[in-house]
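Q: model the structure of this input:
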Amino acid sequence: MQRLNTKLLFMVVGGCAFLVDASIYLIFADIFDLHPFWARLIAFFIAVGVTCIGNRKFTFANSHLSPILTQYTKAILAAVVSLIPNMLVF
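A: Below is the predicted model:
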């Protein structure tokens, strides 16, 4: 049961991060008329922060966690790997 809750929370945090990503992109690209490439880049990294903090606070709240800066650095490094194909297809 705990494993199911963890998976569900992981999906909820990911869904929230997607909504933040899409919203930030639209705000920067449409309202502030920022070039779509830069709007996408900004939105991506804000969404990475939302994912990192959300998973730390909710999904893995009962786990032994490393310091937030260490964890965020690892999240950024992992995100850069996914950023490359993300930006290539964008």
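Q: what's the neighbour count on Ala43?
A: When neighbours are counted by other CB atoms under 10 Å, Ala43 registers 20. (C-beta placed from N, C-alpha, C; glycine too.)
Q: whichever helix or strand it is part of - contacts with which helices or strands?
A: Remark: Ala43 resides in helix 36-54, with elements defined by DSSP states H and E. Helix 36-54 sits against helix 2-26, helix 68-89, with contacts defined as 3 or more CB pairs under 8 Å, 6 or more residues apart in numbering; DSSP states H and E.
Q: just want the angle from that helix to helix 68-89.
A: Per axes from the mean of the first three to the mean of the last three CA atoms, to 10 degrees, the angle that helix 36-54 makes with helix 68-89 is 150 degrees.
Q: His35 is nearest to which of the helices and strands packed on helix 36-54?
A: Minimum separation from His35 across the helices and strands packed on helix 36-54 (CB to CB) falls at helix 2-26, 11.6 Å.
Q: next, the buried residues of the closest one.
A: Taking 16 or more other CB atoms under 10 Å as the neighbour-count basis, helix 2-26 is seen to contain the buried residues Thr6, Leu9, Phe10, Val13, Gly14, Ala17, Val20, Asp21, Ile24, Tyr25.
Q: just to check, the first one is in contact with Phe58?
A: Which is Thr6. No. In this structure, Thr6 sits apart from Phe58 without contact. The criterion is CB atoms under 8 Å, and the distance is 9.7 Å.
Q: could you dump the buried residues of helix 2-26 to TSV with distance to Leu65 and pLDDT?
A: Formatted as TSV, the entries for these read as follows, by distance: CB to CB, whole Å; pLDDT from 0 to 100:
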residue	distance to Leu65	pLDDT
Thr6	14	90
Leu9	15	94
Phe10	15	94
Val13	15	96
Gly14	18	96
Ala17	18	97
Val20	22	98
Asp21	24	96
Ile24	26	98
Tyr25	29	97
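Q: perfect, that will be all.
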